[in-house]
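A.B. asks: here is the input, now give the coordinates:
(one chain, ligands or ions: 1)
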Amino acid sequence: MSLTLYGAALSPFVRKVRLCLAEKGLDYQLENVDPFNPPDWYADLNPLRRIPALRDGDVTLADSSVICHYLEDRDPQATPLCGGSALARARISWLEKYADYEVAPLATFTVFRNRVLKPLMGKPCDESAVEGALQERLPQHFDYLEGCLGDAGYFVDDRFSLADIAVACQLVNMRHGGESLDAGRWPRLAAHFERMLQRPALQAVLEGEGRIIDKIRARIAQAPA
Ligand SMILES: N[C@@H](CCC(=O)N[C@@H](CS)C(=O)NCC(=O)O)C(=O)O
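C.D. replies: Purely as a prediction, here's the structure:
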């Protein structure tokens, strides 16, 4: 059965699902839906009109977490990403939620939105909000994630999982916003992110995103001051 993912490439939540699909070796089509101006029919897929949503035959689902966990249960033979025990599943879900609800408001909805999306829409970047996120609010989350990693290469049971994907997806948006992790202060988290960047699935997705970001930067640079 063919899978269609609805959303836009630079969304961390769309990226999370794309990485799950790719890591599991599942083919899909990406149908572009602009989160700031979704078509009317999109409300049938997600009444909240947020991206992503997924169509699997007659079934439609919304929310990246719901979709990723559905993909895991739908095809148990494909690379497992949500843990092999009750405890691992719970810890992966926790870190996924942590990335989506604690890190995203800062890394994506503050840094990325202000540095990339607002200038693209002709709105001013609120640099004090960006600095507040970077200096005052994100460090406590990076401290926590650094501690969760400990000496392991991956967040849960030292095995690659949705937790690693979810955290990396937020750091990608921060990077699109022109910021990188301080590897001196958070060496394990920075090394983890570098490890994620080496994965072919993320490299493939970032190739396309890089082209979009370059075009956006060129448009911002040409816009009248
Ligand atoms: N918890 C949701 C969050 C989705 C979300 O906030 N998506 C953003 C794009 S990154 C969106 O659609 N924003 C448009 C809006 O909130 O109206 C998920 O994981 O799918």
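A.B. asks: what mean pLDDT does the longest helix that the chain contains have?
C.D. replies: In the chain, with assignment by DSSP state H, the single longest helix is helix 200-222. The average pLDDT within helix 200-222 is 96.
A.B. asks: same check, this time on stretch 160-169
C.D. replies: In this model, stretch 160-169 has a mean pLDDT of 98.
A.B. asks: can you list the low-confidence ranges for this protein?
C.D. replies: Applying pLDDT under 70 to the chain flags residues 1, 225.
A.B. asks: got the domain ranges for it?
C.D. replies: Following automatic domain parsing, one finds the domains of the chain at 3-74, 86-222.
A.B. asks: residue 80: which of the ones you listed is closest?
C.D. replies: With Cβ to Cβ as the criterion, residue 80 lies closest to domain 3-74 of those, at 6.9 Å. Glycine gets a C-beta too; all of them are placed from N, C-alpha and C.
A.B. asks: please list all residues in contact with the closest residue to residue 182 other than its chain neighbours.
C.D. replies: Of all residues not flanking residue 182 in the chain, residue 190 sits nearest, at 7.4 Å (Cβ to Cβ, 6 or more residues apart in numbering). Going by Cβ atoms under 8 Å, 6 or more residues apart in numbering, residue 190 touches 180-183.
A.B. asks: I figured residue 52 hits residue 66, correct?
C.D. replies: No. Contact criterion Cβ atoms under 8 Å: residue 52 and residue 66 do not qualify, at 9.9 Å.
A.B. asks: neighbour count for these two, which is higher?
C.D. replies: residue 52 (27 against 14; other Cβ atoms under 10 Å).
A.B. asks: now the more buried one: closest residue in space that isn't a chain neighbour?
C.D. replies: residue 7 is the one closest to residue 52 (Cβ to Cβ, 6+ apart), at 3.8 Å.
A.B. asks: helix, strand, or coil at the nearest residue to residue 134 once chain neighbours are set aside?
C.D. replies: Nearest non-adjacent residue to residue 134, counting by Cβ to Cβ, 6+ apart: residue 179, 6.3 Å away. Under DSSP: H, G, I helix; E, B strand; the rest coil, residue 179 falls in the coil class.
A.B. asks: tell me the spacing between residue 179 and residue 108.
C.D. replies: Distance of residue 179 to residue 108, computed by Cβ to Cβ, to the nearest Å: 12 Å.
A.B. asks: quick one, which of these two is more surrounded?
C.D. replies: Remark: of residue 179 and residue 108, residue 108 carries more neighbours, 26 against 18, as counted by other Cβ under 10 Å.
A.B. asks: for that one, which non-adjacent residue is closest in space?
C.D. replies: Nearest residue to residue 108, sequence neighbours excluded (Cβ to Cβ, 6+ apart): residue 173, at 4.2 Å.
A.B. asks: and the one you found, how many neighbours does it have?
C.D. replies: Neighbours around residue 173, by other Cβ under 10 Å: 25.
A.B. asks: ok, now which ones touch it?
C.D. replies: 10, 12, 104, 107-108, 111-112.
A.B. asks: including secondary structure, could the residues you listed go into JSON lines?
C.D. replies: Shown next, in JSON lines, are those (three-state DSSP):
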{"residue": "10", "secondary structure": "coil"}
{"residue": "12", "secondary structure": "helix"}
{"residue": "104", "secondary structure": "helix"}
{"residue": "107", "secondary structure": "helix"}
{"residue": "108", "secondary structure": "helix"}
{"residue": "111", "secondary structure": "helix"}
{"residue": "112", "secondary structure": "helix"}
